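Participant: turn this into a model:
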Amino acid sequence: VHHEINGIISTLKAYTGVLVLIGGIPQPYAMAGFPMIFNGTRVEGSLIGGCTLTQEMLDFCHAHKIAPETEIIHAKDAEAALHKLHDSSAGAKRF
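Facilitator: Numbers count the residues shown, from 1 in each chain. Take a look at the predicted model:
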């Protein structure tokens, strides 16, 4: 569903207003950047569906003994890890 968000952005309080978009969208939004720049407002996003959905996902993982695979990297390797993420050569890993 397409939403006209420029009208919503114009209602944000100057210098503290934040519009948070939850979930992914198939098509990008067209946003007027200059009003946001001059008013100090911003748009942020999250793929997480909120507290309730996050809790359901955690409960499901617990019930099915699903745990994340983790890898600890040393601080000296952080720059290389960031380059891998930027270049999309890290695979499914997220550091």
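Participant: all helices of this protein, in order?
Facilitator: 6-9, 33-39, 51-63, 78-86 (DSSP state H).
Participant: which other residues reach the shortest one?
Facilitator: This means helix 6-9. Applying C-beta atoms under 8 Å, 6 or more residues apart in numbering, the contact partners of helix 6-9 are 19, 30-32, 35-36, 41, 43. Just so you know, the C-beta spots here come from the backbone N, C-alpha and C atoms, and that holds for glycine as well.
Participant: and for the closest residue to Gly50 other than its chain neighbours, the neighbour number?
Facilitator: The shortest distance from Gly50 to any non-neighbouring residue, by C-beta to C-beta, 6 or more residues apart in numbering, is to Ile22 (6.3 Å). By other C-beta atoms under 10 Å, 12 other residues sit near Ile22.
Participant: list the residues that contact Ile22.
Facilitator: Residues near Ile22 by C-beta under 8 Å, 6+ apart: 45-50.
Participant: from the residues you listed, which is closest to Phe60?
Facilitator: Lowest distance from Phe60 to the contacts of Ile22 (C-beta to C-beta) belongs to Gly49, with 13.1 Å.
Participant: just the pLDDT at that closest one, thanks.
Facilitator: On the pLDDT scale, Gly49 is placed at 69.
Participant: one more: Phe95?
Facilitator: If you check Phe95, the pLDDT there is 58.
Participant: repeat that for Val1.
Facilitator: The score at Val1 is 60. That number is its pLDDT.
Participant: so what's the residue nearest to Gly50 bridging to?
Facilitator: Ser46 (DSSP bridges).
Participant: tell me the spacing between it and Cys61.
Facilitator: 20 Å (C-beta to C-beta, to the nearest Å).
Participant: ok, now Ile9?
Facilitator: Distance from Ile9 to Cys61, counting by C-beta to C-beta: 36 Å.
Participant: ok, now His83?
Facilitator: 30 Å.
Participant: same deal with Thr11?
Facilitator: From Thr11 to Cys61 the distance is 38 Å (C-beta to C-beta).
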